[in-house]
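A.B. asks: Using only what follows, build the 3D model:
(one chain, ligands or ions: 2)
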Amino acid sequence: MVPTPITVRVPAKVNLHLSVGDARPDGYHELVTVFQALSLTDDVTVVAADEPTIEVKGEGADEVPTGPENLAWKAVRLLAEHCGRDPENPGVRISINKGIPVAGGMAGGSADAAATLQAVNQLWRLELGRDELSELAGKIGSDVPFSLQGGTALGTGRGERLVPVLARHTYHWVIALDREGLSTPGVYGELDRLRADNGNGRIGEVEPLLEALASGDPRQLALLLGNDLQSAAVSLRPGLRRTLRAGVQAGALAGIVSGSGPTCAFLCTDSDEAVRVAAELSGAGVCRTVRVAHGPVPGAKVVSEEPAHRPTPPQVHA
Ligand SMILES: C[C@@](CO)(OP(=O)(O)O)[C@H](O)COP(=O)(O)OP(=O)(O)OC[C@H]1O[C@@H](n2ccc(N)nc2=O)[C@H](O)[C@@H]1O
Ligand SMILES: Nc1ncnc2c1ncn2[C@@H]1O[C@H](COP(=O)(O)OP(=O)(O)O)[C@@H](O)[C@H]1O
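C.D. replies: Ligands and ions are numbered 1, 2, ... in the order given. Prediction:
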């Protein structure tokens with residue numbers, strides 16, 4: 001019998017609010033963050049196979065490891081250990097089709113890990129529930145539980161403890177991708193350095209942003225977007241200042257570095273405006289590629305169609 005492949009589609013994220021506390025003894029920083037899942041997605045397909053392999057296609061595929069460092073492999077091994085299978089020989093072939101920028105602060109690797117947990121749970125008929133999968137997800141990386149859950153959520157701890165947030169609107173975003181990624185630990189380290197040098201300012205409380213999300217007014221939300229890692233990302237990549245300015249000059253309500261960057265996300269009033277801002281920004285020559293996206297969208301979920309049939313995301317080449 002030919003084994004049946006299972007494909008899971010999984011979203012990117014942007015942090016609408018990312019408040020970073022001091023470094024903890026374990027090296028992580030205590031966070032208060034609001035994640036929103038966006039319509040840029042990866043597809044992860046798993047199938048039973050004698051020879052375990054991983055293949056990566058799509059944008060930025062060359063920069064993604066295909067060995068044990070790939071977060072999708074970590075997910076398979078962890079699940080194998082959890083259910084008493086041999087993690088060295090899990091008998092799974094993985095194929096990843098990237099639509100999420102690599103090392104862009106949009107949790108692409110975390111997304112693939114979340115999708116793999118979901119897909120292999122079904123492949124092996126483990127029937128693990130959301131909570132159990134989320135617990136495993138948190139062991140792979142701080143962002144992985146959110147990639148499973150999707151929507152809009154408040155994250156605390158390392159970012160792995162989640163509570164869903166009421167968001168009454170579909171928000172329209174323009175996403176500016178940079179030419180090269182930034183390392184997440186490198187950006188956290190730069191923030192620590194800046195804070196030690198000059199006390200670097202901190203964004204305010206999260207409550208007003210939660211109220212803006214509940215009201216569903218993008219203009220109100222735009223005033224409250226904030227990211228403590230932005231100054232560190234800009235310090236490491238000063239050109240981002242120009243990108244952020246160009247998006248607002250093009251008509252976005254506000255722009256923010258996404259997580260640890262260097263991707264910048266611009267909130268727009270509606271979908272037509274997002275397309276217009278994307279076109280203008282792509283002509284400004286401040287980034288590699290511009291995309292439009294909306295959120296919130298659901299987290300990792302099994303899709304019945306073949307991955308080859310996935311829609312091409314709208315994009316504008318700069
Ligand atoms: C910054 C954020 C914002 O959502 O995402 P990205 O922008 O990278 O996607 C996350 O905190 C990234 O989460 P994730 O990419 O899962 O990080 P992990 O694998 O858990 O940790 C990688 C490294 O980042 C640093 N790290 C991560 C999370 C955290 N709360 N404090 C940290 O200091 C640590 O140096 C850690 O060793
Ligand atoms: N499946 C994966 N997809 C993308 N990157 C991965 C994956 N597995 C491991 N990585 C590694 O993780 C690093 C961070 O990638 P990514 O998760 O896309 O960015 P970020 O942490 O900025 O959101 C990459 O540079 C890559 O070496």
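
A.B. asks: longest strand in this structure, by residue count?
C.D. replies: Across the chain, the longest stretch assigned as strand under DSSP state E is strand 29-48.

A.B. asks: quick one: that one to chain centroid distance?
C.D. replies: In terms of Cα atoms, centre = their mean, to the nearest Å, the centre of strand 29-48 is found 5 Å from the chain centre.

A.B. asks: again, but for stretch 32-51
C.D. replies: 9 Å.

A.B. asks: so, in contact with ligand 2 or not, that stretch?
C.D. replies: No - Stretch 32-51 does not reach ligand 2 (Cβ under 6 Å from any ligand atom); its nearest approach is 7.5 Å. Where C-beta positions appear, they are placed from N, C-alpha and C, glycine not excepted.

A.B. asks: Is there any residue in stretch 171-189 that contacts ligand 1?
C.D. replies: Yes - contact of stretch 171-189 with ligand 1 (Cβ under 6 Å from any ligand atom) involves Thr184, Pro185, Tyr188.

A.B. asks: Phi and psi next, for the first one.
C.D. replies: Right, the one you point to is Thr184. Here is the backbone geometry of Thr184 (degrees, to the nearest 10): phi -60, psi -50.

A.B. asks: count of residues packed around it?
C.D. replies: A count of nearby residues for Thr184, using other Cβ atoms under 10 Å, gives 19.

A.B. asks: who touches the nearest residue to it once chain neighbours are set aside in this structure?
C.D. replies: For Thr184, ignoring the flanking residues on the chain, the nearest one in space by Cβ to Cβ, 6 or more residues apart in numbering is Ser260 at 4.5 Å. Contacts for Ser260 (Cβ atoms under 8 Å, 6 or more residues apart in numbering) come out as Gly105, Leu182, Ser183, Thr184, Val187, Tyr188, Leu229, Ala232, Ala233.

A.B. asks: Enumerate the residues of the stretch 201-318 of the chain near ligand 2.
C.D. replies: Ser260.

A.B. asks: Please report the distance of the residue of the stretch 201-318 of the chain found nearest ligand 1 from Arg125.
C.D. replies: As assessed by Cβ to the nearest ligand atom, ligand 1 sits closest to Gly259 within the stretch 201-318 of the chain, at 2.1 Å. Here Gly259 is placed at a distance of 35 Å from Arg125 (Cβ to Cβ, to the nearest Å).

A.B. asks: Have a look at those two and say which one is more surrounded.
C.D. replies: Higher neighbour count among Gly259 and Arg125: Gly259, with 28 against 6, using other Cβ under 10 Å.

A.B. asks: Assumed the more buried one was part of a strand.
C.D. replies: No - according to DSSP: H, G, I helix; E, B strand; the rest coil, Gly259 belongs to no strand; its state is coil.

A.B. asks: Provide a list of residues in contact with it.
C.D. replies: Lys13, Val14, Asn15, Leu18, Gly105, Met106, Ala107, Thr184, Asn227, Leu229.

A.B. asks: pLDDT at it, what is it?
C.D. replies: pLDDT, Gly259: 98.

A.B. asks: go on, Pro311?
C.D. replies: For Pro311, pLDDT reads 59.

A.B. asks: tally of neighbours for Val2?
C.D. replies: 5.

A.B. asks: Relative to Ala49, how far out is it?
C.D. replies: Counting by Cβ to Cβ - Val2 and Ala49 are separated by 11 Å.

A.B. asks: again with Val56
C.D. replies: Using Cβ to Cβ, we find Val56 at a distance of 16 Å from Ala49.

A.B. asks: Comparing the two, which shows the higher neighbour count?
C.D. replies: Val56 (22 against 14).

A.B. asks: From what I see, the more buried one and Gly99 are in contact.
C.D. replies: No - using Cβ atoms under 8 Å, Val56 is not in contact with Gly99, being 11.9 Å away.

A.B. asks: show me the contacts for the closest residue to Leu166 other than its chain neighbours.
C.D. replies: Leaving aside its chain neighbours, Leu166 sits nearest to Ala214 (5.1 Å; criterion: Cβ to Cβ, 6+ apart). Contacts of Ala214 were listed using Cβ under 8 Å, 6+ apart, and they are Leu166, Ala167, Arg168.

A.B. asks: near ligand 1, which residues of the stretch 151-300 of the chain show up?
C.D. replies: Taking Cβ under 6 Å from any ligand atom as the measure of proximity, the stretch 151-300 of the chain contacts ligand 1 at Arg158, Gly159, Thr184, Pro185, Tyr188, Gly259, Ser260.

A.B. asks: Between these, which sits nearest ligand 1?
C.D. replies: Gly259 (2.1 Å).

A.B. asks: where exactly do the helices run in the chain?
C.D. replies: Taking DSSP state H, the helices of the chain run over residues 71-82, 108-123, 130-140, 144-149, 184-198, 207-215, 218-224, 230-236, 240-249, 271-283.
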